[in-house]
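Asks: Sequence first, predicted coordinates after that:
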Amino acid sequence: TMKEFIANSGPATVVAMDDHAYAAITLNDNVLLVKLCVPNSPPSGNSAQEENTNAHAVQAVAVTFSQETKQLLCAISRHDKYLSIYSLSLANADADSLETLTQIEPTVVHKTNKRCCALAFSHIPLKEDGKKSMDIIIAADLAGDAAAFPVIAGDTSEVQSCDRKVQRLLLGHTASMLTAVKVVDDKIFTADRDEKVRVSSFPRTCNVLGYLLGNEAYITDIDVKKDKYCVTISGDCSIRLWDYNACVEMACIYSEEGTADDSSSDDQETESDKNTKDDQSAHIPVRVSANKDGDTIAVIYNGKDVVDLFSVVIGGGSEMIQKSQSLDCKNPLAICFVNNDLLVLGKEPVYMTRFVKISDGEYAPATERCKISSTVQKIGQDCGIIMPQSILETDDTGKIKLMKNIKEEGENYVEHKPWLNGERIQNKKDKERRRKKRRLAEEVAAGTTTIEE
């Protein structure tokens, strides 16, 4: 139910615009826009038609570029459950040699069991020595599973069904749809609607390293800076920084108030704070991105014409996150830092805006013509592309689908208990105590043990 519309790696930025997807490749100060074609796949059935949804609508994008081989890999997942992989070699390439290249077909297409809402490229070793590796694409789906697919075409057919020969199930979140996936070195991060982020070893994902617990609503997005932090945003309007090695929260701020939260203020929560967390119509943060240096975080919200920037201070025992700036931006849908420049994808007619860091450390709209933004804007206007209103899916009543189906007591619904709820922990301890007491009584009755006076 979440959508990813922009991704960057090296000289390439992949952008999704409704059912269109493009790779903007920067070569020698020139930008080449290559269309990533829709695969020639069979109809997906009546599900998309029943929901009045475009079967080819893009759900998530990903891109990776190898500095050694100069190989560019792009991945696009669509509403019809097809995952397309595109490959393009940029070795010895320049703007002139690629000028005639306007579109590319997918090199391999996978059919997944469920819609994929998040993608991430990675690689796995082929031998024990780890000298050789194979590129894979990791797809997180609405069933709570994260699976790995090869990026090289198989020998059987172009469209490969989701079976054991093609996919490898990495991990699963029990009955909880995934909302984000990131891979950093030997760790994989998976976020879900059950207020948590799971940190697992990679590629041995059976080894769970820990959980980032503390959010009070579904996680909408995460970003990870190597050796620094993991940042999460969620439906409780919080932005949290985590030490992902220790699985400990370092800092927290609520986007609606813009004031930092720490352990000393837990007992002084105002009624306004509670109302903000409980208000379903609040501007929920939906996308987060950290810049190259990791000292600035950008956040966009559902239905809010602004991009908020937060400064991050890590180290010295004084971890802190605070709001530093708000940028006016019409209908932002996706954000991505390219080095330290910020690209914001939005609705028509502008489509894309670029913000740059100026002398005083703040961000401002680029005064010089941005070739990526202007190229994306031109193709959007030429094709008459209409962007979606939101990246959050809602039902017929307007309720966000990520929200759990919680009703009042007495209507046969179980009361929602967030992770780390004190009552839940105490109930677990009481249950374990009763289990030990019963076991002791059984052993005494059987004569296998005695109770000392």
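Replies: All right, it came through fine.
Asks: For the rest of this, base every contact and every neighbour count on C-alpha atoms.
Replies: Noted.
Asks: in the helix ranked longest in the chain, what's buried?
Replies: In the chain, assigned by DSSP state H, the helix with the most residues is helix 422-446. Buried residues in helix 422-446, defined by neighbour count with 16 or more other CA atoms under 10 Å: Leu440.
Asks: try stretch 322-340
Replies: In terms of neighbour count (16+ other CA under 10 Å), stretch 322-340 has its buried residues at 322-323, 329-338, 340.
Asks: before we move on, what about stretch 231-248?
Replies: Buried positions in stretch 231-248, judged by neighbour count with 16+ other CA under 10 Å: 231-244, 247.
Asks: residue contacts, the residue nearest the centre of the chain?
Replies: Of all residues in the chain, the one closest to the mean position by CA atoms, centre = their mean is Ala180, 3.0 Å from it. For Ala180, the contact set (CA atoms under 8 Å, 6 or more residues apart in numbering) comprises Cys117, Ala118, Leu119, Ala140, Phe189, Thr190, Ala191, Asp192, Thr220, Asp221, Ile222.
Asks: tell me which element Val286 falls in.
Replies: In this structure, Val286 sits in strand 285-290 according to DSSP states H and E.
Asks: Helix or strand next in line after that strand, which one?
Replies: Once strand 285-290 ends, the next helix or strand along the chain (criterion: DSSP H and E) is strand 296-301.
Asks: Provide the strand pairings for that following strand, with the direction of each partner.
Replies: strand 285-290 (antiparallel), strand 306-313 (antiparallel) (DSSP bridges).
Asks: Could you export the helix or strand following the longest one as CSV, CA atoms only?
Replies: Beyond strand 306-313 on the C-terminal side, the first helix or strand identified by DSSP H and E is strand 320-328. The C-alpha coordinates for strand 320-328 follow below in CSV (Å, rounded to 0.1, in the frame of the first residue of the first chain):
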residue,chain,number,x,y,z
MET,A,320,19.8,15.0,18.5
ILE,A,321,17.4,15.7,15.6
GLN,A,322,15.7,19.0,15.2
LYS,A,323,13.7,20.8,12.5
SER,A,324,15.9,23.2,10.5
GLN,A,325,13.8,24.3,7.5
SER,A,326,10.6,24.0,5.6
LEU,A,327,10.6,24.1,1.8
ASP,A,328,7.4,25.0,-0.1
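Asks: Only alpha carbons, please: show the following helix or strand past strand 320-328 as CSV.
Replies: Where DSSP H and E defines the elements, the next helix or strand beyond strand 320-328 is strand 332-338. The C-alpha trace of strand 332-338 is given here as CSV (Å, rounded to 0.1, in the frame of the first residue of the first chain):
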residue,chain,number,x,y,z
PRO,A,332,5.4,16.1,-3.2
LEU,A,333,5.2,12.4,-3.7
ALA,A,334,8.8,11.2,-3.6
ILE,A,335,12.2,12.5,-2.5
CYS,A,336,15.7,11.5,-3.1
PHE,A,337,19.1,13.1,-2.3
VAL,A,338,21.6,13.0,-5.2
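Asks: Averaged pLDDT, strand 332-338. What do you get?
Replies: Across strand 332-338, the average pLDDT comes to 95.
Asks: same deal with stretch 360-379?
Replies: Along stretch 360-379, the predicted confidence averages to a pLDDT of 88.
Asks: got it, and stretch 438-453?
Replies: Mean pLDDT, computed over stretch 438-453, is 76.
Asks: Please spell out which residues along stretch 114-130 are buried.
Replies: Of the residues in stretch 114-130, those scored as buried under the neighbour-count criterion (16+ other CA under 10 Å) are Lys114, Arg115, Cys116, Cys117, Ala118, Leu119, Ala120, Phe121, Ser122, His123.
Asks: Return the set of residues that bridge with the third one.
Replies: For Cys116, the beta-bridge partners are Asp141 (DSSP bridges).
Asks: Hmm, Ala57 and it touching each other?
Replies: No: shown here, Cys116 and Ala57 do not form a contact pair, counting by CA atoms under 8 Å, at 11.9 Å.
Asks: joint contacts of these two?
Replies: In contact with both Cys116 and Ala57: Arg78, using CA under 8 Å, 6+ apart.
Asks: what's the span of stretch 171-181 from first residue to last?
Replies: Start to finish, the residues bounding stretch 171-181 are 11 Å apart (CA to CA, to the nearest Å).
Asks: Use 619 as the first number from now on
Replies: New numbering, starting at 619: the last item is stretch 789-799.
Asks: buried set for it?
Replies: For stretch 789-799, by 16+ other CA under 10 Å, it's Leu789, Gly790, His791, Ser794, Met795, Leu796, Thr797, Ala798, Val799.
Asks: would you list those in JSON lines and tack on pLDDT and distance to Thr914?
Replies: Converted to JSON lines, those look like this (pLDDT from 0 to 100; distance: CA to CA, whole Å):
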{"residue": "Leu789", "pLDDT": "92", "distance to Thr914": "31"}
{"residue": "Gly790", "pLDDT": "89", "distance to Thr914": "32"}
{"residue": "His791", "pLDDT": "85", "distance to Thr914": "30"}
{"residue": "Ser794", "pLDDT": "77", "distance to Thr914": "31"}
{"residue": "Met795", "pLDDT": "86", "distance to Thr914": "29"}
{"residue": "Leu796", "pLDDT": "90", "distance to Thr914": "26"}
{"residue": "Thr797", "pLDDT": "93", "distance to Thr914": "23"}
{"residue": "Ala798", "pLDDT": "95", "distance to Thr914": "20"}
{"residue": "Val799", "pLDDT": "96", "distance to Thr914": "21"}
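Asks: on that earlier part again, single out the most deeply packed of the strands paired with strand 914-919.
Replies: Among those, strand 903-908 has the highest mean neighbour count (mean count of other CA atoms under 10 Å), at a mean of 26.
Asks: What average pLDDT does it get?
Replies: 95.
Asks: again, but for stretch 736-748
Replies: According to the model, stretch 736-748 has a mean pLDDT of 82.
Asks: so how far is stretch 818-828 off the chain centroid?
Replies: Averaged C-alpha coordinates place stretch 818-828 at 18 Å from its chain's average position (CA atoms, centre = their mean, to the nearest Å).
Asks: What distance separates the opening and closing residues of that stretch?
Replies: 7 Å.
Asks: same check, this time on stretch 810-822
Replies: First-to-last distance for stretch 810-822 - CA to CA - comes to 20 Å.
Asks: List the buried residues for that stretch?
Replies: Of the residues in stretch 810-822, those with enough neighbours to count as buried (16+ other CA under 10 Å) are Asp810, Arg811, Asp812, Glu813, Lys814, Val815, Arg816, Val817, Ser818, Ser819, Phe820, Pro821.
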